[in-house]
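**Q** have a look at this fold, sequence not included:
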Ligand SMILES: C[S@@+](CC[C@H](N)C(=O)[O-])C[C@H]1O[C@@H](n2cnc3c(N)ncnc32)[C@H](O)[C@@H]1O
């Protein structure tokens, strides 16, 4: 979640009183219902300190739908007719902030510590799989793809694939399109921009990621707290800046599921303010800045 705008949050309110001052009545009971839905759907924990953020992000939805109160909005998203709106609510309450080569030490680690061995294995006929879990609008998986391409000019002859997933269908669509404003592309290392970014005809100020990078990636919608259809193991998993929104139990379960989906020596890259805790910490050994190496296999793969 991003920073909250300065607005009044009243604590200890009686049921029915406004929790946040504003155009629409927003009670503690409304907040609790929304927080329970978001936790149940996506694993995201919304403490009461996020009340003003919830109000300001969802007030736009109420306005767009012509709904008069949060009570009515809660009834809509809780019912059968509100399935689409519930997805919009979730999208409004999650943050998709990302950028190319964010936390660049992970791409350097991938390039220097992991890829030499993985590419040697692929050249000997093996397969390499990398997962960008919670990929947002694609900057993370494209950064992985560019790192791989720069290290493997023979990529076309290798079995190396990147899976990129996110719960939000809108960002997955954007990621697939691979078109970004030039200002978003500006922070990327110059050598990658020169090789893998192309102007888009008829759209001044926008560029597209080159087909050779796009071809390495499969984009899909996937909820990290739901079922995972993937069966094979991932040599590297990037799951950055999403677990921070989950409660401790949900995080611990996620790390465990990742550990169950990696081969020995697989790497897990997580966000700068996250850390692996719980049972998975016995198997995932720190290996650089917010990077972990699978040093023993969990007895039971927790899928
Ligand atoms: C802050 S972005 C992180 C993007 C990228 N990993 C990075 O570090 O730059 C968080 C992403 O997590 C996604 N997300 C939130 N809850 C999720 C869940 N339960 N399953 C999958 N993705 C989720 C959001 O839609 C959002 O795109």
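**A** Yep, it's here. Only a predicted model underlies this, so the values are computations on that prediction, with no experimental measurement involved. Numbers count the residues shown, from 1 in each chain.
**Q** got the residues of the stretch 1-150 of the chain near the ligand?
**A** Neighbours of the ligand within the stretch 1-150 of the chain, by Cβ under 6 Å from any ligand atom: 42-44, 94-98, 102, 134, 136, 140. C-beta: built from backbone N, CA, C; applies to glycine.
**Q** again, 8 Å this time
**A** Residues of the stretch 1-150 of the chain lying close to the ligand by Cβ under 8 Å from any ligand atom are 41-44, 90-91, 94-99, 102-103, 132-137, 139-140.
**Q** give me the buried subset of the residues you listed.
**A** With neighbours counted by 16 or more other Cβ atoms under 10 Å, those contain buried members at 41-44, 90-91, 94, 98, 102-103, 132-137, 139-140.
**Q** tell me if residue 46 really is in a helix.
**A** No - remark: residue 46 does not belong to a helix; assigned using DSSP: H, G, I helix; E, B strand; the rest coil, it is coil.
**Q** the chain should start at 569 in everything you say after this.
**A** Yep, numbering from 569; the last one is residue 614 now.
**Q** check contacts around the residue lying closest to it once chain neighbours are set aside.
**A** Distances taken as Cβ to Cβ, 6 or more residues apart in numbering place residue 603 nearest to residue 614, at 4.1 Å, with adjacent residues excluded. Shown in contact with residue 603 (Cβ atoms under 8 Å, 6 or more residues apart in numbering): 613-614, 622.
**Q** where does residue 603 sit: helix, strand or coil?
**A** Following three-state DSSP, the label given to residue 603 is helix.
**Q** kindly provide the distance from it to residue 681.
**A** According to Cβ to Cβ, to the nearest Å, residue 603 and residue 681 sit 40 Å apart.
**Q** go on, residue 852?
**A** Distance from residue 852 to residue 681, by Cβ to Cβ: 15 Å.
**Q** neighbour count: those two, which is higher?
**A** Applying other Cβ atoms under 10 Å to residue 852 and residue 681 shows that residue 852 carries more neighbours, namely 25 against 14.
**Q** so which of the residues of the stretch 569-718 of the chain next to the ligand are in strands?
**A** Cross-referencing those against strands under DSSP state E gives 700-701.
**Q** buried sites along stretch 790-799?
**A** Of all the residues in stretch 790-799, those buried under the rule 16+ other Cβ under 10 Å are 790, 792-793.
**Q** cool, stretch 827-834 as well?
**A** For stretch 827-834, the neighbour count (16+ other Cβ under 10 Å) marks 827-830, 834 as buried.
**Q** for stretch 635-653, same thing?
**A** Of the residues in stretch 635-653, 635, 638-639, 641-642, 644-645, 650, 653 count as buried by neighbour count, 16+ other Cβ under 10 Å.
**Q** avg pLDDT for stretch 836-851?
**A** What stretch 836-851 shows for mean pLDDT is 97.
**Q** that one and the ligand, any residue contact?
**A** Yes - with Cβ under 8 Å from any ligand atom as the criterion, the ligand is reached by stretch 836-851 at residue 839.
**Q** near the ligand, which residues of the stretch 719-868 of the chain? Just list them.
**A** For the stretch 719-868 of the chain, the residues in contact with the ligand (Cβ under 8 Å from any ligand atom) are 733-736, 739, 790-794, 806-810, 813-814, 839.
**Q** narrow those residues to those in helices?
**A** When DSSP state H defines the helices, the subset of these inside them is residue 739.
**Q** give me the subset of the residues of the stretch 719-868 of the chain next to the ligand lying in strands.
**A** Filtering those for strands - DSSP E - leaves 733-734, 806-807.
**Q** could you turn the buried ones of the residues you listed into a PyMOL selection?
**A** Restricted to buried positions by 16+ other Cβ under 10 Å, the PyMOL selection for these reads:
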select buried, resi 733+734+806+807
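**Q** from the ones in strands among the residues of the stretch 719-868 of the chain next to the ligand, which two are the most distant?
**A** 734 and 806 (12.0 Å; Cβ to Cβ).
**Q** rewinding a little: just put the ones in strands among the residues of the stretch 719-868 of the chain next to the ligand in CSV and tack on pLDDT.
**A** As requested, these are exported to CSV (pLDDT from 0 to 100):
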residue, pLDDT
733, 98
734, 98
806, 99
807, 98
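**Q** just curious, which of the ones in strands among the residues of the stretch 719-868 of the chain next to the ligand is nearest to the ligand?
**A** residue 734 (4.7 Å; Cβ to the nearest ligand atom).
**Q** give me the below-cutoff pLDDT ranges for this structure.
**A** Within the chain, the ranges that satisfy pLDDT under 70 run 569-583, 868-871.
**Q** what about the spatially most central residue of the chain, distance to residue 584?
**A** Residue closest to the average C-alpha location in the chain (Cα atoms, centre = their mean): residue 702, at 2.1 Å. In this view, residue 702 and residue 584 are 37 Å apart by Cβ to Cβ.
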